[in-house]
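Participant: Give me a 3D structure for the following:
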Amino acid sequence: MPAYVIGDITVTDAELYPSYTAVTPATIEKYGGRFVIRGGAHETIEGDWNPGRVVMLEFDDMAAAKRWYNSPEYSEAREIRQRAATGSLLIVEGL
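Facilitator: Numbers count the residues shown, from 1 in each chain. Below is the predicted model:
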């Protein structure tokens, strides 16, 4: 069953954030993932959710998504993101 990593990211350091986006795609691909959403225009149609930058990744399953998130490769990228942005990530099992 596929799994999706969904992120709501607010960039706080626009000079540092490109360092994160430059290295992250290779880490995602290495663990079998792909971008489904990578930023772009969005509009809240119900509720009061006001996300910053929305990102969605697709992996083969929850285990693959967790392997990516906990990998040594992404660990380095994650440290950059945590210095350059705030936000939330979650993994959701798909259909």
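Participant: C-alpha from now on. contacts and neighbour counts both.
Facilitator: Noted.
Participant: buried ones in stretch 67-82?
Facilitator: Counting neighbours by 16 or more other C-alpha atoms under 10 Å, one finds that the buried residues in stretch 67-82 are 68-69, 73-74, 77-78, 80-81.
Participant: Stretch 49-68 too?
Facilitator: The neighbour-count criterion (16+ other C-alpha under 10 Å) identifies 53-62, 64-65, 68 as the buried residues of stretch 49-68.
Participant: Name the nearest residue to Glu73, ignoring sequence neighbours.
Facilitator: Taking C-alpha to C-alpha, 6 or more residues apart in numbering, and ignoring the residues beside it in sequence, Glu73 has Thr27 as its nearest neighbour in space, at 6.0 Å.
Participant: Please apply the same query to Ala84.
Facilitator: Spatial nearest neighbour of Ala84, excluding adjacent residues (C-alpha to C-alpha, 6+ apart): Asp13 at 4.6 Å.
Participant: Tell me the bridge partners for Val11.
Facilitator: In this structure, Val11 bridges to Ala85 when assessed by DSSP bridges.
Participant: can you offset everything so residue one is 98?
Facilitator: Will do, 98 is the new start, and the previous item becomes Val108.
Participant: list the contacts for it?
Facilitator: With contact taken as C-alpha atoms under 8 Å, 6 or more residues apart in numbering, Val108 is in contact with 114, 149-150, 181-183.
Participant: can you redo these as a markdown table with pLDDT and distance to Gly137?
Facilitator: Compiled in a markdown table, the contacts of Val108 are given as follows (pLDDT from 0 to 100; distance: C-alpha to C-alpha, whole Å):
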| residue | pLDDT | distance to Gly137 |
| --- | --- | --- |
| Tyr114 | 98 | 16 |
| Gly149 | 93 | 10 |
| Arg150 | 95 | 7 |
| Ala181 | 98 | 19 |
| Ala182 | 98 | 17 |
| Thr183 | 98 | 18 |
